[in-house]
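A.B. asks: Need a 3D model of the sequence below.
(2 chains)
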Amino acid sequence: MVGELAGNYSTVVLMFGFAMAAMAPALIISRMLSPRKRSNPVKFLPMECGQVPTGEGRTHFMMQYYPYILMFVVFDVMAIFLYAWGSALLEIPKMATLPMMGFLAIMFGAMAFALYQSGRRRIW
Amino acid sequence: MSVIAPKFKLSEFIKSLLDNVFWIILILVLIGLPAIFMILFVIELPVINGELLTPFLALSWLVNPTRTLPIVHAFMETDIFRVIAFPGFGFAALLAAGTIFVERKMLAKLQLRVGPFYCGKFEGILQLMGDGLKLISKEIIIPAKADKPIFWAAPVLFVAAAAAFVAFIPVAPGWVVADVEMGLLGVFAVIGFFPIITILSAWSANSKFPFIGGIRALFQMVSFEIPLILSLLGVVMLTGSLNLSEIAASQSSFPWIVFLPVGAIVFFITMLAELERIPFDLPEAESEIVAGWLTELSGMMYGLVQLGTYLKLYAFAGLFVVIFLGGWNGPMVVPPFPAEILENGIEMGPVTAKFVGLPLFTQEMLNGTLWFVLKTAGVIFFILLPRGVFPRIRVDMLLNLGWTKLIGLAFVNIFIALGLLYAGVLGPGGLQ
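C.D. replies: Sure thing, here's the model as predicted:
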C-alpha cells in the first residue's frame, strides 16, 4: 500500500529530526558560553579581505555557463527514467530493450546538439 | 593567606542545599511524572520473555544482571537505538571524527610536516576534543543584514541532511536504519538537498564570497549529478533491485567492481566532486575566494558544517563499499562466542552468574561490521589522498569533464552491464 510504503521512510525522517535535535543545542550552548561584544560595528560587516564592503552582497553577475543548467533540467529526468527501465530489466523480454535503445539514441543526439550549442559562448 | 569563603555560614549552605532539593523535586514532578504517564499510556511497551515490561519490572531488572540483558536486547531492536547509536548517528560520527584526525595527520606526513602533535601527549590524539572546545567557546558573528533564520538553520540542516544520507547505508546484514525498497532513489533525493542548503546559506549571508561559492557549488552539483546517477545504473540493472541491502547481499561471491570497473571509477570521481574535495573544491577554494560558502560561518556553525561534511564523506564511502565492493561480505574471521559461557555462565571466583541474553551481537553482525569498516576505511583513505597530490581545476574544465567525459563513460558502463547480461555471463542463467 502507498501508506505503508511511505511509512518505511519514517526512520529517515527520524534520523533527520534526531540530528537536528542533537545539533541545535550545540549552537545554543555555544551562544551561552561564548563572549558577545557588540562594541564595534565594523566587526559585523561582511568579509571583504579588510576593505569596507561596497555594493550589494547578493550581486548580479554573469552566469557564463547557463546552458548547462538548462541541460540539467532535461537530462536529470532522463537519468531517473533510465532507472525505471534498469530496475525492471531482468523481468522484461529482451525485445523490449530495442525501443529503449531508440530513446537513448534520441537523447544522445539531443545531448550532442546541446553541448555543441553551449560551446558557442558568443550566443549566450 | 587568602580566605576562600569569607561569608560562609552553615545555615545558608543548608538552605542552598534544600533549595536545590526543592527545585529537583519540583521539576521531577512537573516533567518526570508526565513523562512516565506518557510512557505508560501512549507508548506500547515491549514484551520480554513473555512478561510485559512495566516500569516496576524494568527497575527491578536493572539491579539484577541476569535480567538486564534481555532489556538491552529489546532496546537494541528498536528504531531509537539504530538512529542514535549503531548504524546511525553515533557510529557515523565516530568514524567521521576518526576521519578528521587521520586526514590531518596523513596530510601532514604527505607534506613533510608533523601535524597535530602536542595535545594529548601522544601524536596529538586529543586534538579533536581541543578543537571542539575551542569552537564551542568562540563567538558566533553574524554579518549585518544577513537573513538570520536561514543563516542559523543552514548548518543544522546540513548535518541533518548528512544524517539522513547515513540512514540508508547498511552496515551489516539487517543492520540499517532505513531498509526501504527504493533506497538508492532515496539516496539521490537526499544528495539533491546539499546544494540547496549550500546556496541558501550562501545567499542568506549577504556577502560576496559566500555567494560566489554557493553558485559554484550549484554548478558542480549540476554537472556531476547526472554521471553520479548513471554510473550506478549498471549495478541496478544486474541486481534488479534498488534496495541497498539486497545490492550488498548480491555480491556474496564477487564484488561488482570486478565486472563494472568503469562505473566504479566514474562514481569515485563524481563522489570527490559531490564532497567538494580537491581537485574539485571550487565551492570553498581557499586561495581564490577566502573560504567560499563557509566564509561568514564562525565558531560552532563552522564546526557543525565540518561535522556534516565528514558525515557525508563517510556516507559516500559507505555507498561505494555497498554498491561496488561487496558491503559486509567477506570471509568469516570473528571467532564464535564461547559455548561454555552460554551453558555455564561466567565464573569469577565464588560468583557464578548465568546470563540469559548473551551474546549481545551475533557472529555474522560482528564479521559484517568488521569488513564494512575495513573497506570503508580503505575508500576514505583513497578519498583523502588526492588532497595532498592534485591542484584545483578550473570551472570550465569541471563542466567539460562532467558533461562530456564522465557521462560518456557512464553510458559505456551501462552498455558493458547490458552486454554482460545479454551474453549470459551474469544474471539468470549466468554466474548468479
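A.B. asks: Show the subsequent helix or strand relative to the worst-scoring helix or strand of chain B on mean pLDDT.
C.D. replies: Ranked by mean pLDDT, DSSP states H and E, the weakest helix or strand in chain B is strand B:351-353, scoring a mean of 66. Tracing the chain C-terminally past strand B:351-353 and defining elements by DSSP states H and E, one meets helix B:363-384 next.
A.B. asks: How far off centre is that following helix?
C.D. replies: Between the centre of helix B:363-384 and the centre of its host chain there is 13 Å, according to CA atoms, centre = their mean, to the nearest Å.
A.B. asks: And stretch B:330-345, by the same measure?
C.D. replies: Once both centres are worked out by CA atoms, centre = their mean, stretch B:330-345 turns out to sit 29 Å from its chain's centre.
A.B. asks: got any ranges where chain A has weak pLDDT?
C.D. replies: In the predicted model of chain A, residues A:1-4, A:61-64, A:121-124 satisfy pLDDT under 70.
A.B. asks: Tell me where it has helices.
C.D. replies: In chain A, the helices defined using DSSP state H lie at A:2-7, A:10-33, A:66-87, A:97-119.
A.B. asks: Mean neighbour count and distance to chain B for those - can I get that in TSV?
C.D. replies: Any C-beta I mention is one placed from the backbone N, CA and C, and that applies to glycine too. Conversion of the helices of chain A to TSV gives the following (neighbours: other CB atoms under 10 Å in any protein chain shown; distance: least, CB to the nearest CB, whole Å):
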stretch	mean neighbour count	distance to chain B
helix A:2-7	8	7
helix A:10-33	17	4
helix A:66-87	16	4
helix A:97-119	13	6
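A.B. asks: Could you dump those helices into TSV and include distance to B:Val235?
C.D. replies: Output for these, formatted as TSV (distance: least, CB to CB, whole Å):
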stretch	distance to B:Val235
helix A:2-7	23
helix A:10-33	21
helix A:66-87	9
helix A:97-119	18
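A.B. asks: could I have stretch B:413-432 exported to CSV, CA atoms only?
C.D. replies: Output in CSV follows, covering the C-alpha atoms of stretch B:413-432 (Å, rounded to 0.1, in the frame of the first residue of the first chain):
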residue,chain,number,x,y,z
ASN,B,413,29.4,1.3,-18.2
ILE,B,414,25.7,0.8,-18.9
PHE,B,415,26.4,-0.9,-22.2
ILE,B,416,29.0,-3.2,-20.5
ALA,B,417,26.4,-4.2,-18.0
LEU,B,418,23.8,-4.8,-20.8
GLY,B,419,26.3,-6.8,-22.8
LEU,B,420,27.2,-9.0,-19.8
LEU,B,421,23.5,-9.6,-19.1
TYR,B,422,22.5,-10.5,-22.6
ALA,B,423,25.6,-12.6,-23.3
GLY,B,424,24.6,-14.7,-20.3
VAL,B,425,27.7,-14.0,-18.2
LEU,B,426,25.7,-12.6,-15.3
GLY,B,427,22.1,-12.5,-14.3
PRO,B,428,19.7,-15.5,-14.5
GLY,B,429,21.5,-18.5,-16.1
GLY,B,430,24.9,-16.9,-15.6
LEU,B,431,27.2,-16.7,-12.6
GLN,B,432,24.4,-15.7,-10.3
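A.B. asks: Which residue ranges of chain B form strands?
C.D. replies: Remark: strands of chain B, listed N- to C-terminal, are B:47-48, B:51-52, B:346-348, B:351-353; assignment by DSSP state E.
A.B. asks: Would you mind giving me the confidence score for B:Arg264?
C.D. replies: Quick fix: residue B:264 reads Ala, not Arg. Looking at B:Ala264, its pLDDT reads 92.
A.B. asks: now B:Phe372: how far from B:Val102?
C.D. replies: B:Phe372 is 17 Å from B:Val102, where distance means CB to CB, to the nearest Å.
A.B. asks: Give the buried residues for stretch B:16-26.
C.D. replies: Along stretch B:16-26, not one residue counts as buried under the neighbour rule (16 or more other CB atoms under 10 Å in any protein chain shown).
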